[in-house]
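Student: kindly return the folded structure for what I paste below:
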Amino acid sequence: DRPVVLCCTGATKDMGKMLGGEEEKDPDAQKKEEERQEALRQQEEERKAKHARMEAEREKVRQQIRDKYGLKKKEEKEAEEKAALEQPCEGSLTRPKKAIPAGCGDEEEEEEESILDTVLKYLPGPLQDMFKK
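Tutor: So this is what the prediction gives:
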């Protein structure tokens with residue numbers, strides 16, 4: 001049943017600082033901090049340069065794909081659509097019509113007619129005559 005004694009040399013230094021004692025000053029601390037900051041700046045610049053190179057390579061590949069398939073950049077598409085909407089209609093006294101998306105308007109009626117025609121093909125002759133009138 002002996003008392004346990006823990007000995008830590010670092011703890012006595014910290015206790016002295018907490019109690020208001022003098023801190024040990026490292027004469028090279030300022031120089032080391034400046035070197036560390038410079039190293040961090042240099043690493044950040046290298047990282048940014050690496051990412052810029054990678055993005056340039058990606059953009060080069062993207063442009064090759066656009067050229068191969070005849071695609072346009074998103075910005076180019078938006079600019080063309082905006083110019084098309086702003087272009088006034090010749091002879092129009094009112095504001096220009098908005099672009100009608102594909103699949104809207106007259107196409108629905110055409111589809112209904114074609115469906116009706118296909119149904120009529122399968123009806124017996126006398127019923128076809130009734131519906132045609």
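Student: all helices for this structure, in order.
Tutor: In the chain, the helices defined using DSSP state H lie at 9-18, 29-69, 74-86, 107-122, 125-132.
Student: would you turn the ones you listed into JSON lines with mean pLDDT and mean neighbour count?
Tutor: For glycine as for every other residue, the C-beta is placed from the backbone atoms N, C-alpha and C. Converted to JSON lines, the helices of the chain look like this (pLDDT from 0 to 100; neighbours: other C-beta atoms under 10 Å):
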{"stretch": "helix 9-18", "mean pLDDT": "59", "mean neighbour count": "10"}
{"stretch": "helix 29-69", "mean pLDDT": "95", "mean neighbour count": "10"}
{"stretch": "helix 74-86", "mean pLDDT": "83", "mean neighbour count": "10"}
{"stretch": "helix 107-122", "mean pLDDT": "66", "mean neighbour count": "10"}
{"stretch": "helix 125-132", "mean pLDDT": "72", "mean neighbour count": "9"}
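Student: what sits closest to residue 26 if chain neighbours are left out?
Tutor: Leaving aside its sequence neighbours, residue 26 sits nearest to residue 32 (C-beta to C-beta, 6 or more residues apart in numbering; 7.6 Å).
Student: relative to residue 44, how far out is the one you found?
Tutor: To residue 44, residue 32 is 19 Å away according to C-beta to C-beta, to the nearest Å.
Student: now swap in residue 34 and tell me
Tutor: Residue 34 is 16 Å from residue 44, where distance means C-beta to C-beta.
Student: same check on residue 70?
Tutor: According to C-beta to C-beta, residue 70 stands 40 Å off from residue 44.
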